[in-house]
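Trainee: here's a sequence, model it:
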Amino acid sequence: MDTPRATERNLMAATWTKAAKVRRAFKSGKKRRKDLVLTPRRAVIEAYVVLHELREAMARAGLSETDANGALVFLSEFQSSDSAYVIPLPAPERMPEPYATARRLEEQLGWRPIGLILHQRDHEAFTPADPKSGAYLWAQQWVISDRATKALLDARKLVANTKAGGAQDVDE
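Mentor: All right, here's what the predicted structure looks like:
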């Protein structure tokens, strides 16, 4: 006899676009329960690894890898404000650029990496009447604190407002 759990299914899954399926699969898993303490070099490498995995998932779904991008987010250890510093991730061959910025932020200014903002374009979900449609943002948090969470959410909104055509914050 089937248990109720075994027969449950997500009825909305039939309406998801290919990019939405990639996004949901990529974001699934346990939430972080303790801080991931990273040096600037390690943070940049980790960000590119995550971005590479997302782009590979997009390619496996038959989507363009260039429709996925990311940005590193830093928070000051010394300032009481929740202001975040956002470093967009350029193409992998330009990896030394965000590393140099990240290293300067940590060594000279006392900022530390708190997470990563991921941006995905979904051409199937785009509607010309809504310029923000078809673009989605979500955060991958490395530091668990109320201050880091607020800074990461603010950074996500900043990235959404600066991306061409805007983007939607998603927590699905």
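Trainee: tell me which residue is most central in the chain.
Mentor: The centroid of the chain falls nearest to residue 118 when counting by C-alpha atoms, centre = their mean (2.4 Å).
Trainee: next up, the contacts around the closest residue to that one other than its chain neighbours.
Mentor: Closest residue in space to residue 118, ignoring its immediate chain neighbours: residue 70 at 5.1 Å, by C-beta to C-beta, 6 or more residues apart in numbering. C-beta: built from backbone N, CA, C; applies to glycine. Residue 70 makes contacts with 47, 50-51, 54, 88-89, 116-119, as judged by C-beta atoms under 8 Å, 6 or more residues apart in numbering.
Trainee: in helices only, show me these.
Mentor: Cross-referencing the contacts of residue 70 against helices under DSSP state H gives 47, 50-51, 54.
Trainee: residue ranges of the strands in this structure, please?
Mentor: For the chain, strands defined by DSSP state E occupy the ranges 68-76, 84-88, 111-121, 135-141, 168-169.
Trainee: chain center to the first one, what's the gap?
Mentor: Strand 68-76 sits 8 Å away from the centroid of its parent chain (C-alpha atoms, centre = their mean, to the nearest Å).
Trainee: kindly report the same for stretch 126-133.
Mentor: 21 Å.
Trainee: flag every buried residue along that stretch.
Mentor: For stretch 126-133, burial by neighbour count (16 or more other C-beta atoms under 10 Å) applies to residue 133.
Trainee: measure that stretch end to end?
Mentor: End-to-end distance of stretch 126-133 (C-alpha to C-alpha, to the nearest Å): 5 Å.
Trainee: quick check: residue 89 touching residue 99?
Mentor: No - between residue 89 and residue 99 there is no contact under C-beta atoms under 8 Å: 10.6 Å.
Trainee: between these two, who's got more neighbours?
Mentor: Taking other C-beta atoms under 10 Å, residue 89 and residue 99 do not tie; residue 89 has more neighbours (22 against 18).
Trainee: and which of the contacts of residue 70 is nearest residue 132?
Mentor: Of all the contacts of residue 70, residue 119 has the smallest distance to residue 132: 12.2 Å, by C-beta to C-beta.
Trainee: quick one: the closest one and residue 159 touch, right?
Mentor: Yes - the pair residue 119 / residue 159 is scored as a contact, 6.7 Å apart, by C-beta under 8 Å.
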